[in-house]
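Participant: give me a model of this one.
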Amino acid sequence: MAEQLLLEEQRENWGSRAGFVLAAIGSAVGLGNLWGFPYKLYKYGGGAFLIPYIVAMLIIGIPVLILEFSLGHMTQRAAPDAFRRLGRKKEPLGWWGIVLGFVIITYYPVILAWCLSFLGFCIQGAIHHGGELPWAATKEGCQTLFLNDYCNIWGGGQSRSWLLGSFSPDVVFALAAVWILMFLCIFKGVRIVSKVVLWTVPLPWLMLVILMVRALTLDGATHGMAYYLNPDWSQLLRPTTWRFAFGQVFFSMSLAFGVMVTYASFLHRKSDINNNAMIVGLGDLGTSFVAGIAVFATLGAMSLSTLGTAHPETVSTVVGESGTVGMAFMAFPYALGQLPYSAYFGIVFFVALLTLGIDSAFSITESVLASVIDKTGWKRTPTLWGITFVGFVSGLVYCSRGGLTWLENIDGFINGPWGIALLGMMECVVLGWMYRISRLRQHANERSDWKLGAWWDWNIRVTVPVLLSALFVWSLYDTVTAPGGYLVDTEGKLIVPTLVGVILAGAAPLLAVLLSLKRSPLGGLGVDDAEPAEAPAPAAGGCAGGALLAVVGMGGGIYAAYLTIAAKLADNAGRAIDTVMPVFFDGHVPMVYLILAASGAAAIAATVLSIRAATARERLDADITAGTRVAGAMGTLATGVCIGMVLALWSLLGRIKSKPVKEQTDLSTAAYVIMGIMSGIIIIGLGWCFIRAIKAAAEKANNQDQAAEI
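Facilitator: Numbers count the residues shown, from 1 in each chain. Below is the predicted model of the structure:
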């Protein structure tokens, strides 16, 4: 009944299923797929990295994407109002993601502006330099062009690199052009977006295929592919490998930003949900994998051509330690400069980069726009002009001499432990335990080409929160205890961008709460309002005990975190760890082991008791009691906290040691097997999805014909 009421309102729809799928893929596939994924795969185990990445895609990526598609489609509203319609107290979760999304669109278009400028440099080379790039084909020349000539960053002697200083005119003009492009892409609504993505999503795929085919035909391509795919199985024993694999899936697929909720809200009421989510997830995986082949085959060819076949430069030297931004705008132009007719390959590369990024940028902008419109009732075009103006003006910070420092610090907070990981964890906990999630599964199954089982409910309730809370705790430990300080530099001076990042991270949920207090002029009919509440039921067995165990588990996990962080900080300062970490068993075993063992056991017991109580209630077709909800939520989070601290403790005590990357020139047998498995997953998976879609369409058409005959 409630679902029918929610779908009664008229809302603009996508022009076609293909338009929605391409738009969702365009949002999921962004700049990070082209350099972030290959860089992390290379650094964290090569082909071995794909094992945790695929696990993360299946456990977190696609299930959570289905969750957000279901929520948006059922409520037919952007993220904040969608959460509100499941209960007024849930609305801040939607605004939290929108606030983080707005912060992203203050700096993400700046990266697109860099792409646009480099595209202009490549076109200039094709016209005026005989098809060669206009910069020197050396790493120093590319670094000088990007850092000094283009970004005009402060010199090496400037300790406070975050000072704004003057603006770079080239970056400012390119930023204005990017915002104009984004405005034109979305100002007429999702029907225009569905037409735009018909070009901006397939085009970078075509560009990537061209780059990949050309790169694989170059001498030395195998050298780069060996770095990309030869597995280092020892890296699977490092928690950082799993942390980055899970994080890459979560951030790459635009989960928790409110983007996918908003896009799904524009779907026709009979549109598929589950199969679309699978197609989007596999499309994101396929794009990342192909991009990695194109990138590292090119880097391998470049390393061979630099010093010759007798003494080739190593791929690790080419990639360097500059990070993802440096890899895109210093290492890649250097690599492109080694190719014949480099300007033309540069045009292909930066067109792919620009079109990949523009989809993600305007998808986040669309989610912010739709949320504001749903909340205020304002007209679309004036509201978009306002967002464009504020976004452009805010982006000027990143166009200054200290802009690169600001961008790296702010992005680190958004994609760090205080940003999307925390929000995604809270989203799954709230929808899994504080709402009857089986309604969302039922809604998705009634419209999808294939059905979800009850396993999906428990995956969202338990598995995803445990993994994400462990990721959050481990990342937080890693960030707070980083050598050299956190809020101050090695000279004891305050790092202002880091402080601003801390303030933004703390202000986002507070601002979300304040925004949720404003009443929407469009009303707020929700599921809880439409259906009468059931009479209070007695607590199911084990709820009180589960809640107590959950409190014990959480308290012990937090205390273990305190001891571990204090010990790491002591180690950084050159003091013995045992000065702050108590020991037992004749002084050889840290006390924190015993604390984590007891806390973890209590947390797991609380989770199990809550699962049993919830299952018993749901078998009676009754809502889960409040006590069970609290015990289940706290139990899963406490379990994740304990797991995260175990990983941190292992790292602290030296149980996990990194190994230097070995120079490799040939693809191993395992690398060929990995390439075949990945290709099979992508091709067979997408083929299965399309076959299911075709069969479902045929069955629907057949049913309609039979109904017409009757």
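Participant: would you mind measuring from the closest residue to Thr365 other than its chain neighbours to Val390?
Facilitator: With sequence-adjacent residues excluded and distances taken as Cβ to Cβ, 6 or more residues apart in numbering, Thr365 is closest to Ile105, at 5.4 Å. C-beta: built from backbone N, CA, C; applies to glycine. Separation of Ile105 from Val390 (Cβ to Cβ, to the nearest Å) stands at 9 Å.
Participant: do Leu511 as well
Facilitator: Here Leu511 is placed at a distance of 14 Å from Val390 (Cβ to Cβ).
Participant: same check on Thr75?
Facilitator: 27 Å.
Participant: quick revisit: the more surrounded of Leu511 and Val390?
Facilitator: Ranked by neighbour count (other Cβ atoms under 10 Å), Leu511 and Val390 place Leu511 first, with 17 against 13.
Participant: so which bits of the host helix or strand of Trp95 are buried?
Facilitator: If you go by DSSP states H and E, Trp95 is part of helix 91-128. Neighbour counts over helix 91-128 (16 or more other Cβ atoms under 10 Å) mark 91-119, 121-122, 125-126 as buried.
Participant: do stretch 544-563 as well
Facilitator: Of the residues in stretch 544-563, 546-547, 549-554, 556-557, 560-561, 563 count as buried by neighbour count, 16+ other Cβ under 10 Å.
Participant: which elements pack onto the helix holding Trp95?
Facilitator: Packing partners of helix 91-128 (3 or more Cβ pairs under 8 Å, 6 or more residues apart in numbering; DSSP states H and E): helix 79-84, helix 169-186, helix 342-376, helix 380-395, helix 403-414, helix 420-433, helix 496-517.
Participant: let me see the domain layout of this structure.
Facilitator: Following automatic domain parsing, the chain resolves into domains at 2-450+494-531, 539-657.
Participant: contacts only, for the nearest residue to Met425 once chain neighbours are set aside.
Facilitator: Residue nearest to Met425 in three dimensions, not counting chain neighbours: Leu468, with 3.9 Å by Cβ to Cβ, 6+ apart. Counting by Cβ atoms under 8 Å, 6 or more residues apart in numbering, Leu468 touches 60, 246, 250, 421, 424-425, 428, 640.
Participant: mind giving me the PyMOL select for the residues you listed, buried ones only?
Facilitator: A single PyMOL command is used to select the members of the contacts of Leu468 judged buried by 16+ other Cβ under 10 Å:
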select buried, resi 60+246+250+421+424+425+428+640
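Participant: from the contacts of Leu468, which two are the most distant?
Facilitator: By the measure Cβ to Cβ, Phe250 and Gly640 form the most distant pair in the contacts of Leu468, at 14.2 Å.
Participant: tell me the pLDDT of the nearest residue to Cys122 once chain neighbours are set aside.
Facilitator: Leaving aside its sequence neighbours, Cys122 sits nearest to Gly346 (Cβ to Cβ, 6+ apart; 3.5 Å). Gly346 carries a pLDDT score of 85 in this model.
Participant: could you check how many residues crowd around Gly346?
Facilitator: Using other Cβ under 10 Å, Gly346 has 27 neighbouring residues.
Participant: likewise for Ser599?
Facilitator: By other Cβ under 10 Å, 26 other residues sit near Ser599.
Participant: what helix or strand does Thr636 sit in?
Facilitator: Using DSSP H and E, Thr636 maps to helix 626-652.
Participant: mind listing what's buried along that helix?
Facilitator: Applying a neighbour-count criterion of 16+ other Cβ under 10 Å, one finds 627-649, 651-652 buried in helix 626-652.
Participant: next up, the contacts around the closest residue to Leu34 other than its chain neighbours.
Facilitator: Using Cβ to Cβ, 6+ apart and skipping the chain neighbours, the partner closest in space to Leu34 is Ala291 (4.7 Å). Ala291 makes contacts with 33-35, 37-38, 208, as judged by Cβ under 8 Å, 6+ apart.
Participant: between the host helix or strand of Ala291 and helix 342-376, how many degrees?
Facilitator: According to DSSP H and E, Ala291 maps onto helix 274-307. Inter-element angle recorded for helix 274-307 and helix 342-376: 150 degrees (by axes from the mean of the first three to the mean of the last three Cα atoms, to 10 degrees).
Participant: how about helix 274-307, which residues are buried there?
Facilitator: For helix 274-307, a neighbour-count test (16+ other Cβ under 10 Å) marks 274-306 as buried.
Participant: likewise for stretch 39-50?
Facilitator: Of the residues in stretch 39-50, 39-50 count as buried by neighbour count, 16+ other Cβ under 10 Å.
Participant: export those to CSV and append columns for secondary structure, pLDDT and distance to Met212.
Facilitator: Output for the buried residues of stretch 39-50, formatted as CSV (DSSP: H, G, I helix; E, B strand; the rest coil; pLDDT from 0 to 100; distance: Cβ to Cβ, whole Å):
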residue, secondary structure, pLDDT, distance to Met212
Tyr39, helix, 74, 17
Lys40, helix, 78, 19
Leu41, helix, 80, 15
Tyr42, helix, 77, 16
Lys43, helix, 77, 21
Tyr44, coil, 81, 22
Gly45, coil, 82, 22
Gly46, helix, 83, 18
Gly47, helix, 85, 17
Ala48, helix, 86, 22
Phe49, helix, 88, 19
Leu50, helix, 87, 17
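Participant: quick one: mean pLDDT over stretch 595-612.
Facilitator: pLDDT averaged over stretch 595-612 gives 92.
Participant: just give me the neighbour total for Trp450.
Facilitator: Per other Cβ under 10 Å, the neighbour tally for Trp450 reads 15.
Participant: wait, it sits on Ile273?
Facilitator: No - judged on Cβ atoms under 8 Å, Trp450 makes no contact with Ile273 at a distance of 10.3 Å.
Participant: what's in contact with stretch 146-154?
Facilitator: When contacts are defined by Cβ under 8 Å, 6+ apart, stretch 146-154 is touched by residues 114, 117, 160-161, 163, 165-166, 168, 170-171, 329-330, 333, 401-405.
Participant: where does the stretch 551-700 of the chain have low pLDDT?
Facilitator: For the stretch 551-700 of the chain, the stretches flagged by pLDDT under 70 are 578, 583-589, 654-665.
Participant: residue ranges for the helices of it, please.
Facilitator: For the stretch 551-700 of the chain, the helices defined by DSSP state H, counting those that start in this stretch occupy 591-619, 626-652, 669-709.
Participant: tell me the angle the longest one makes with helix 274-307.
Facilitator: If I follow you right, that is helix 669-709. Relative orientation of helix 669-709 versus helix 274-307 (the same axes, to 10 degrees): 150 degrees.
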